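Enquirer: 3D, please:
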Amino acid sequence: NAVKKISINKGFDPQDYGLLGFGGAVGQHVSEIADFLRITSVIVPYTGSLLSAVGISKAIIEHHEIKQVLSPLVNKNVIEKAIIETETIALTKLEQDGVRTSETSAIAIFMRLVGQDTTLEIPFRSYDDLANQFKQKYIDLFGHWVERELEVESIRVTVAEKSVQPNGTASTKNEPGKII
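Expert: As a prediction, the model looks like this:
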């Protein structure tokens, strides 16, 4: 499924590319994966087992926290409170993992028309823009608009350790806790 998500679903055929193997067990798995994907060219670097180690040493620790809300969009206080609570839980978990400097990297609001099961993921920019963002995404997907009450089904907050730039300064992507 991962290969489909990053290649086939975007119009790329894995057979047209080589497969780069990495990790401590690269030799045990890369051939089987290549056969499964019908890839004929496999690259196994001499230091392939180090690629995972280097990658993990550079990885940023993050947490994703999801909270079910089930509230009409008009309940601004309920939604803002849910965002703050979810963000606080996520930041606390990150701190428990030993991360001292963190930031909120993304907030997503999952919304739907009242009475529907399926939600649309809306990147949170401001509360006041949620209805317009939802309406535009709905029209883009379905080609029409149904005038009905909107509901926030859930919220997902992603927090991460602040990445340090080569000059030693921390990045400042978003302002945690800021509700517009």
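Enquirer: Can you give me the distance of the residue of the chain most remote from its centre to Gly24?
Expert: In the chain, the residue that sits farthest from the middle, by C-alpha atoms, centre = their mean, is Tyr46; the gap is 32.5 Å. Here the criterion is C-beta to C-beta, to the nearest Å. By it, Tyr46 lies 14 Å from Gly24. Using the backbone N, CA and C atoms, a C-beta is placed for each residue, glycine as well.
Enquirer: and if you look at Leu37?
Expert: From Leu37 over to Gly24 (counting by C-beta to C-beta), the distance is 21 Å.
Enquirer: Please say which of these two ends up with more neighbours.
Expert: For Leu37 against Gly24, the residue with the higher neighbour count under other C-beta atoms under 10 Å is Leu37, and the figures read 16 against 12.
Enquirer: Make sure the more buried one is actually in contact with Pro14.
Expert: Yes - using C-beta atoms under 8 Å, Leu37 makes contact with Pro14 at a distance of 4.5 Å.
Enquirer: what residues are shared contacts of the two?
Expert: Contact with both Leu37 and Pro14 is made by residues Val3, according to C-beta atoms under 8 Å, 6 or more residues apart in numbering.
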